[in-house]
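**Q** attaching a predicted model along with its sequence, questions to come.
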Amino acid sequence: MLLLAGGLLLALVAAGCGSGDPGSAGGDSEPPPVMNLAVDPAQLLEGSGTVLDDGSGPQLCLGAVAESLPPQCSGIPLAGWDWGAVEGEESAAGTTWGDFQVVGTYDGEVFTVTDAGPYDAATVADGGDRDFVTLCPVPAGGWGADDPGRASDEAFGAGATIAQDLPGYVTLWVDYAEDLPPEELEERAMAGDPVLQIMNVVVTDDVEGALAAIREAWRGPLCVTQREGRTEAELMAIREEAERFIGEKLGLETTWSQGGDVGLAAEVGVVVDPGGAGQAALDERYGAGMVKLLPSLLPVEGP
């Protein structure tokens, strides 16, 4: 995730602890045989995304869409798509596109549309929201810097580097001493009156040692908390192995991937997870909830 700390941009991986067997995380165990989870071609599915036709046929884009004019993306081919049955599409340079909800069936290669309508955000699997709040109680007298000379962006960066080098490091994020909307935070920074940053660090052990080490560089507000489990490095190894496992062993088509919130190794988008079998296999291999599958196409519920 990208966290903006005043004028300092830190690229940090959101990670956390989990409950699975650490020995199954990095390929030390014997990989299971390929499952190649089969999609039920009769199952009615629904999902929302960008439908785009650049002249090679309509497709439903389930991953990233380049914000060019016209936009560009790749997805799964659509059969039975009718631009005349929907509203709100745009066209430029031989490409037609728009955001819609589709209902139909999927045979693993082509989605056959039986109904289409306006885009429905409720049917989009785009990962969980992160709640970057400070976990420590507000000190007596409020958050402040005990040495303003070492509460600058440079000091923050130095403290963050120390934190990330700690053997028990899990993750780091920024909160602010004043609860202001993002636009006001930016305006204050541009005016030379930035809001004091609170560095939040999670470690697996030795909170006091982490505090002392980070305080060598950063003397602004600091909150260090402990979460027993896996370190960032261990969680990144799980994520890398899980991404291979999903494609090579489960036979599922991935659309995007990102680091998970504290307590998760990763969230991975897939086109479809037949009957939830993919998620069940991941839970068994890495521990419940350690790697979350977020399918773009979901079974239609009810009549």
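**A** Everything's here; your move.
**Q** all helices for the stretch 101-250 of the chain, in order.
**A** Assigned by DSSP state H, counting those that start in this stretch, the stretch 101-250 of the chain shows helices spanning 153-165, 182-190, 207-215, 232-244.
**Q** so which helix or strand takes in the most centrally placed residue in the chain?
**A** Here the mean C-alpha position of the chain is nearest to the C-alpha of Gln258 (Cα atoms, centre = their mean), at a distance of 3.9 Å. For Gln258, the host element (DSSP states H and E) is strand 254-259.
**Q** CA atoms only: put stretch 149-156 into PDB for me.
**A** This file holds the C-alpha atoms of stretch 149-156, laid out as PDB (Å, rounded to 0.1, in the frame of the first residue of the first chain):
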ATOM      1  CA  GLY A 149      13.800  18.900  15.600                       C
ATOM      2  CA  ARG A 150      13.500  15.200  15.100                       C
ATOM      3  CA  ALA A 151       9.800  15.100  13.900                       C
ATOM      4  CA  SER A 152      10.400  16.100  10.300                       C
ATOM      5  CA  ASP A 153       9.700  14.000   7.200                       C
ATOM      6  CA  GLU A 154      13.400  13.000   7.100                       C
ATOM      7  CA  ALA A 155      13.300  11.800  10.700                       C
ATOM      8  CA  PHE A 156      10.100   9.900  10.000                       C
END
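**Q** list the buried residues in it.
**A** Within stretch 149-156, the residues that qualify as buried are 150-152, 155-156, counting by 16 or more other Cβ atoms under 10 Å. Placement of C-beta: from N, CA and C, glycine included.
**Q** and these, which is closest to Val102?
**A** For these, the residue nearest Val102 by Cβ to Cβ is Phe156; the value is 45.6 Å.
**Q** so where's the stretch 51-200 of the chain uncertain?
**A** For the stretch 51-200 of the chain, applying pLDDT under 70 flags the ranges 123-130.
**Q** how far away is the closest residue to Asp107 other than its chain neighbours from Val270?
**A** In space, and not counting its chain neighbours, Asp107 is closest to Pro41: 4.3 Å by Cβ to Cβ, 6 or more residues apart in numbering. Plainly put, Pro41 is 17 Å away from Val270 if you go by Cβ to Cβ, to the nearest Å.
**Q** what does Asp82 give?
**A** From Asp82 over to Val270 (counting by Cβ to Cβ), the distance is 27 Å.
**Q** more neighbours, those two?
**A** Using other Cβ atoms under 10 Å as the criterion, Asp82 and Val270 rank with Val270 on top: 24 against 10.
**Q** give me phi/psi at the nearest residue to that one once chain neighbours are set aside?
**A** Setting aside the residues directly before and after it, Val270 is nearest to Leu252 in space (Cβ to Cβ, 6+ apart), at 4.6 Å. Dihedral pair for Leu252: phi -90, psi 150, per degrees, to the nearest 10.
**Q** got it, and Gly276?
**A** Backbone torsions for Gly276, taken as degrees, to the nearest 10, come to phi 70, psi 10.
**Q** spit out the contact partners of it.
**A** Listed by Cβ atoms under 8 Å, 6 or more residues apart in numbering, Gly276 has no contact partners.
**Q** tell me the contacts of the nearest residue to Ala145 once chain neighbours are set aside?
**A** Using Cβ to Cβ, 6+ apart and skipping residues adjacent in sequence, the residue nearest Ala145 is Ala151, 3.8 Å away. With contact taken as Cβ under 8 Å, 6+ apart, Ala151 is in contact with 145, 196-197, 218-220.
**Q** buried among these? Make that a PyMOL selection.
**A** A single PyMOL command selects the buried members of those (16+ other Cβ under 10 Å):
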select buried, resi 145+196+197+218+219+220
